[in-house]
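**Q** Quick one, what's the 3D model for this:
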Amino acid sequence: MSSRPRAVLVTGASSGIGRATTNLLARRGFQVFAGVRCDRKGAEVAAEGGRQVIPLRLEVTCPEQTCQAVSEIAARCPEGLFALVNNAGVGSTGAVELSDLEELRELLEINTVGPLRMIQACLPLLRLARGRVVNISSLNGAVALPMVGAYSASKFALEALSDSLRVELRPWGVSVSVIRPGQVRTPIFDKARQMLAERTREIPANLLPGYQSQYRRAGDFNERGARSSTRPENVARVIARALEARRPRPRYSVGLDAFGLGLAQRMVPQRLLDHFVARASGAAARSASRHALAADRLCAVDSPLA
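**A** Predicted coordinates:
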């Protein structure tokens, strides 16, 4: 039996969940290949993790960097790769109607296509080690909430790929697990705060009566997330559990909000759940939409498509 430590590739290791996971796995004796987007972050991650951490320049949307990173792992780990942790991802917030389609394509490229690219590239090494894949999803990968529809679409798609792969890869003993964190206290909320402020200013005047309160509530939920009691280290411990379990579970939830919303989705009728979500998100009052509907009718009359 090889005395080499089990090798794990963690994408998006520069900060947040990825960095916490890299540090924890290194302390537990794994050889961690940390995917980072710049050399400065790579040096920081290596300094924290010690000799167990090897930083790799890796942008999951770049086929060339993906190929180069996997080739380096193959050269260092002839016995194969024990695990791939697909953590790299980005967030997005705003009404689905007002989504920029190019931004949506970029979101899907990073959050859905990127993980699949990494899985395809790593599978020869994963088969060698009868390894496992851990995909970082979100509570929004199970429940689509207002103002995060585009982000939810990318995570729903990732979970669909995970469900198919979990069965398809059984002949080689490669397991696939999904981690669903709720709101985790990471810098993503700082970016979301700025994004919400910009997009609130861009709401068309005729849609303000319907959307203004929803954007305001989205800002409130964002600030709640910035103060969340769930930290990246909490998620890292669950990822480690999925890697160390003899039989990893298909799905793991992290945080009371993820557990609670998942339970509500299973137990509460959809129409009633929509009612509660609408009230919480500022989308409940129909009377608030009368002026918006009147303005929409005017716009429709003036439209060349009318």
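
**Q** how far away is residue 97 from residue 194?
**A** 21 Å (C-beta to C-beta, to the nearest Å). For the C-beta atoms, the positions are set from N, CA and C on the backbone; glycine is no exception.

**Q** wait, is residue 212 part of a strand?
**A** No: going by DSSP: H, G, I helix; E, B strand; the rest coil, the assignment for residue 212 is helix, not a strand.

**Q** quick one, what contacts it?
**A** Contact partners of residue 212, counting by C-beta atoms under 8 Å, 6 or more residues apart in numbering, are 200, 203.

**Q** how close does it sit to residue 38?
**A** Taking C-beta to C-beta as the measure, residue 212 falls 38 Å from residue 38.

**Q** ok, now residue 157?
**A** Using C-beta to C-beta, one gets 28 Å for the distance from residue 157 to residue 38.

**Q** what's the answer for residue 24, then?
**A** Between residue 24 and residue 38 the computed distance is 22 Å (C-beta to C-beta).

**Q** and what of residue 275?
**A** In this view, residue 275 and residue 38 are 46 Å apart by C-beta to C-beta.

**Q** for residue 236, what are its contacts?
**A** Neighbours of residue 236 in contact, by C-beta under 8 Å, 6+ apart: 17, 20, 21, 23, 24, 25.

**Q** Is it within a helix or a strand, and which one?
**A** Per DSSP states H and E, residue 236 falls inside helix 232-244.

**Q** Same question for residue 84.
**A** Residue 84 is located in strand 83-86, with elements delineated by DSSP H and E.

**Q** Would you mind listing the outside residues contacting that strand?
**A** By C-beta under 8 Å, 6+ apart, the list of residues contacting strand 83-86 reads 6-11, 18, 21, 60, 114-115, 118-119, 122, 126, 131-136, 158, 239, 243.

**Q** Having no further points to raise, I will conclude here.
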